[in-house]
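>>> fold the following and give me the result.
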Amino acid sequence: MNHAVTRQMKLIFNIFGVFLKIGPSTFGGGYAMIATIEQEIVCKKRWMNEKEMGDMVSVSGSAPGGVAVNCAAFIGYRLGGVPGAVAAVTAITLPTFFIVFILSFLSAAFKDNAKVEAALKGIHAAVISLIILAAFKMWKSSVLDAATLVIAASTVALLLFTGIHSFYLILGGPIAGIAVVLFKRRWGLPVRTEKKQTEAKRELHFPEYYI
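The predicted model follows:
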């Protein structure tokens with residue numbers, strides 16, 4: 001019994017340590033942190049595989065709240081139950097809270113500093129690159145055929161040219177997906193829900209979308 005408790009506590013501390021490192025080491029928030037979470041959770045710790053990570057990010061991105069915090073809660077709970085979720089969420093938010101708290105006192109003194117403004121512009125450019133990379137990976141993993149291409153293109157068009165709330169698009173996505181699958185099955189058409197991956201070449205395909 002003591003061995004089991006010790007092992008559980010060690011896992012909780014490991015979860016806390018990983019997310020404590022992720023929190024203050026990423027810029028851009030939310031989706032921009034997914035690439036770092038991927039590196040730590042899948043590549044280094046191997047706590048999840050590629051498909052599980054993809055499903056987890058999809059659920060986290062669709063749920064209310066910040067996607068990075070949602071991911072932390074999901075992974076923490078998956079690995080260590082409620083204590084694991086608490087440890088992960090606390091670790092990923094606590095460093096950023098203190099950093100922003102300190103910066104709030106310094107902002108008045110440095111807000112007009114040319115070097116600070118230049119640094120922020122550089123960070124903005126880097127975050128844009130993360131968003132583009134995330135969109136590219138999301139495209140490769142999600143656009144499987146003509147139906148998914150139409151859904152993706154229609155969603156982008158609605159976001160760009162209408163005032164429809166993103167909530168309705170997120171809600172409409174699974175509905176459209178289910179409708180397409182039911183239609184194809186009814187007419188005997190092949191149904192694809194994910195791309196085939198080979199052992200020789202595996203790549204993490206999940207929505208690192210990031211805004």
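>>> low-confidence regions, the chain specifically.
Regions of the chain meeting the criterion pLDDT under 70 cover residues 1, 25-32, 107-108, 193-211.
>>> how about the helices in it?
The residue ranges that make up the helices of the chain, judged by DSSP state H, are 2-25, 34-38, 50-62, 67-110, 114-142, 146-161, 166-186.
>>> for the ones you listed, which one sits closest to K44?
When the helices of the chain are ranked by proximity to K44, the top entry is helix 2-25, at 8.3 Å, counting by CB to CB. C-betas here are computed from N, CA, C, even on glycine.
>>> tell me the most buried of the helices of the chain?
Each of the helices of the chain was given a mean neighbour count from mean count of other CB atoms under 10 Å, and the largest, a mean of 22, is that of helix 34-38.
>>> ok now it, how far from the chain's centre?
In terms of CA atoms, centre = their mean, to the nearest Å, the centre of helix 34-38 is found 7 Å from the chain centre.
>>> and it, what does it pack against?
Contacting helix 34-38 under the criterion 3 or more CB pairs under 8 Å, 6 or more residues apart in numbering; DSSP states H and E are the following elements: helix 2-25, helix 67-110, helix 114-142.
>>> okay, the helices of the chain in JSON lines with distance to R192 next?
JSON lines is the format used below for those (distance: least, CB to CB, whole Å):
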{"stretch": "helix 2-25", "distance to R192": "33"}
{"stretch": "helix 34-38", "distance to R192": "24"}
{"stretch": "helix 50-62", "distance to R192": "14"}
{"stretch": "helix 67-110", "distance to R192": "26"}
{"stretch": "helix 114-142", "distance to R192": "11"}
{"stretch": "helix 146-161", "distance to R192": "9"}
{"stretch": "helix 166-186", "distance to R192": "9"}
